[in-house]
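turn this into a structure:
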Amino acid sequence: MPVRARGRAPVHDRGGSIIALCALTTAAALAWLYLLALHGGYWRTGQRLPARRGAAGPLPAVTAVIPARNEAQMIPDCLPSLLAQDYPGAFAVVLVDDDSTDGTAAVAAGLGAAAGRDLLVASARPTPPGWAGKVWAMAEGVAAVGDTAEYILFTDADIAYAPGTLTGLVCAATSNQLALVSQMALLRAATRAEKLLIPAFVYFFAQLYPFRRVNRPRTRTAAAAGGCMLVRADALAAAGGLGQIRSARIDDVALGTLLKRAGGRCWLGLTTDVTSRRSYDRLADIWDMVARSAYTQLRYSLTATAACVLVLAWLYLLPPAAAVTGLALLAVGASTATAAWLAAAGLAGWLVMTVTYTPMLRLYRLSPLRAPSLPLVAALYAAMTADSARRHLAGRGGAWKGRLLSRDSM
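Below you'll find the predicted structure:
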């Protein structure tokens, strides 16, 4: 019979639990080694705009399409940077006012007049059943463009562009025969909440959609970053147009998938020349941003949501927890060999995830000393994901600027 100490679990039960914990932690450490070496180099930040190939020539006509809903305060800080692009070709901007109530259209028209740039402010018609609001606004912008542009730059009202950015995008697209060129905007990371959570947001996105794999024509991985997507107009038309993704709430990933599956070459990378000016001053602001769309990204599946939360816990939380547990056991001299293995496996997994997070922190000009806190950040994102499911089940999912984006409206 097992020896049972008063108030304690049987010795063999505790030993079995520690061995199981060792096995799970070892598996997590091996998973991190796979992610480090074989998962498309997702953690590297070197995917930058491809160089122009071949001889220089005339650049094609481009029209930027900006869906905007209640962005009167944001566009004065961003729209002028796009209007001021010194593009050596035909360039126009269409801002689609998506049922704003704050005078967005009037503010945009005033900025266009001040810049002396060809700016069309169009009012989106009511969103038809089955269409996501943003995708419909994008489609309204495409309709306003007509056949006048060879390339369409889909961008957001909170995105600012450094001088020369548009020329670089178009040169990369034309010389490399790309149907889509998308750059992940450098998000704002100024407040405490932003510094803690925003770099990890980009890190997790790259982990889901490794940029190198997106950029290889023969892989199935497809994605884009919605703040900056330069699309060849004829490639979009050949793929069936935006109507093919009309119900998409994650419109950028859907657009990248549409174009790649249609045979178009796509490219996605990082930049510091395209920046988001959107501020998330409080943890609650970032929480709402993630909770609004996480359950949608998981296809409204409770099973997928539970699996996502469990994987995050196993991959990010278990290694540091196991490391602390193993070191504590060593400190009291219990199960020395098993405790040493547990501590080593936990520390190894924690170290690898720290290494992979460091380049993203450097991109955001934040101290690498923040990297070991990635498990805490992952725990917060897991909670946001669970809360996203709760909100949708309560009928409050996808609320954005006064518009409720429910599953039933898809």
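
helices or strands next to the helix or strand hosting residue 378 in the packing?
Assigned by DSSP states H and E, residue 378 belongs to helix 374-393. Counting contacts by 3 or more Cβ pairs under 8 Å, 6 or more residues apart in numbering; DSSP states H and E, helix 374-393 packs against helix 192-208, helix 283-297, helix 302-312, helix 336-363. From N, CA and C alone the C-beta is placed, and that goes for glycine too.

and if we set it to 6 Å?
helix 283-297, helix 302-312 (3 or more Cβ pairs under 6 Å, 6 or more residues apart in numbering; DSSP states H and E).

next, the buried residues of the first one.
It refers to helix 283-297. Neighbour-count burial for helix 283-297, counted by 16 or more other Cβ atoms under 10 Å, picks out 283, 286-297.

for these, which one is nearest residue 71?
Using Cβ to Cβ, residue 289 comes nearest to residue 71 of the buried residues of helix 283-297, at 15.5 Å.

ok, for that closest one, nearest residue in space, not its chain neighbours?
Nearest-residue entry for residue 289: residue 280, 6.7 Å, with adjacent residues in sequence omitted and distances by Cβ to Cβ, 6 or more residues apart in numbering.

okay but that neighbour is in contact with residue 194, surely?
Yes: with contact defined as Cβ atoms under 6 Å, residue 280 reaches residue 194; the gap is 5.5 Å.

could you identify which of the helices and strands packed on helix 374-393 has the lowest mean pLDDT?
Of all the helices and strands packed on helix 374-393, helix 283-297 carries the lowest average pLDDT, namely a mean of 92.

ok, and what's touching that one?
When contacts are defined by Cβ atoms under 6 Å, 6 or more residues apart in numbering, helix 283-297 is touched by residues 193, 197, 249-250, 280, 384-385, 387-389, 391-392, 397-398.

tell me the angle of it relative to helix 302-312?
120 degrees (axes from the mean of the first three to the mean of the last three Cα atoms, to 10 degrees).

what is the neighbour count of residue 88?
Per other Cβ atoms under 10 Å, the neighbour tally for residue 88 reads 11.

measure it to residue 231 for me?
Distance from residue 88 to residue 231, counting by Cβ to Cβ, to the nearest Å: 20 Å.

do residue 165 as well
For residue 165, the distance to residue 231 (Cβ to Cβ) stands at 16 Å.

which of those two has more neighbours?
With neighbours defined as other Cβ under 10 Å, residue 165 and residue 231 compare such that residue 231 has more, 28 against 20.

how about the longest strand along the chain: buried residues?
The residue-count maximum for a strand in the chain (DSSP state E) belongs to strand 266-276. By 16+ other Cβ under 10 Å, the buried positions in strand 266-276 come out as 266-271, 273-276.

closest to residue 321 out of those?
Residue 321 lies nearest to residue 270 out of those, by Cβ to Cβ, at 31.5 Å.

can you tell me the closest non-neighbouring residue to residue 47?
Distance criterion Cβ to Cβ, 6+ apart; nearest residue to residue 47, sequence neighbours excluded, is residue 269 at 3.8 Å.

for the one you found, give me its contacts.
47-48, 183, 211.

and these, which of them are buried?
By neighbour count, with 16+ other Cβ under 10 Å, the contacts of residue 269 hold 47, 183, 211 as buried.

out of the residues you listed, which are inside helices?
residue 211 (DSSP state H).

can I get the buried ones among the contacts of residue 269 in CSV with pLDDT?
Shown next, in CSV, are the buried ones among the contacts of residue 269 (pLDDT from 0 to 100):
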residue, pLDDT
47, 95
183, 98
211, 98
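
got a markdown table for the buried ones among the contacts of residue 269, with distance to residue 111 too?
What follows is those, written out as a markdown table (distance: Cβ to Cβ, whole Å):
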| residue | distance to residue 111 |
| --- | --- |
| 47 | 32 |
| 183 | 23 |
| 211 | 33 |
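
I'd guessed residue 180 sits against residue 263; true?
No: judged on Cβ under 6 Å, residue 180 makes no contact with residue 263 at a distance of 11.8 Å.

more neighbours: the two, which one.
Neighbour count, other Cβ under 10 Å: between residue 180 and residue 263, residue 180 has more, with 27 against 11.

on that earlier part again, from the contacts of residue 269, which single one is nearest residue 67?
Nearest to residue 67 among these: residue 183, at 17.9 Å, using Cβ to Cβ.

so who does that closest one touch?
228, 269, 271, 274.

what are the bridge partners for it, then?
residue 269 (DSSP bridges).

any idea of the pLDDT on residue 396?
At residue 396, the pLDDT value in this model is 77.

and residue 177, helix, strand or coil?
coil (DSSP: H, G, I helix; E, B strand; the rest coil).

which ones are touching the spatially closest residue to it that is not a sequence neighbour?
Excluding the flanking residues, the one nearest residue 177 by Cβ to Cβ, 6+ apart is residue 265, at 6.2 Å. Residue 265 makes contact with 178-179, 217, according to Cβ under 6 Å, 6+ apart.

now a ChimeraX select for only the buried ones of those.
The buried residues among those can be selected in ChimeraX (16+ other Cβ under 10 Å) with this line:
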select :178,179
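
nearest to residue 351, of the contacts of residue 265?
Using Cβ to Cβ, the contacts of residue 265 come closest to residue 351 at residue 217, 34.8 Å.

which residues touch the closest one?
Counted by Cβ under 6 Å, 6+ apart, residue 217 has contacts residue 265.

can you lay out the buried residues of strand 266-276 as JSON lines showing pLDDT and distance to residue 19?
Shown next, in JSON lines, are these (pLDDT from 0 to 100; distance: Cβ to Cβ, whole Å):
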{"residue": "266", "pLDDT": "97", "distance to residue 19": "46"}
{"residue": "267", "pLDDT": "98", "distance to residue 19": "47"}
{"residue": "268", "pLDDT": "98", "distance to residue 19": "43"}
{"residue": "269", "pLDDT": "98", "distance to residue 19": "44"}
{"residue": "270", "pLDDT": "98", "distance to residue 19": "42"}
{"residue": "271", "pLDDT": "97", "distance to residue 19": "48"}
{"residue": "273", "pLDDT": "97", "distance to residue 19": "52"}
{"residue": "274", "pLDDT": "98", "distance to residue 19": "50"}
{"residue": "275", "pLDDT": "98", "distance to residue 19": "50"}
{"residue": "276", "pLDDT": "98", "distance to residue 19": "47"}
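
thank you, goodbye.
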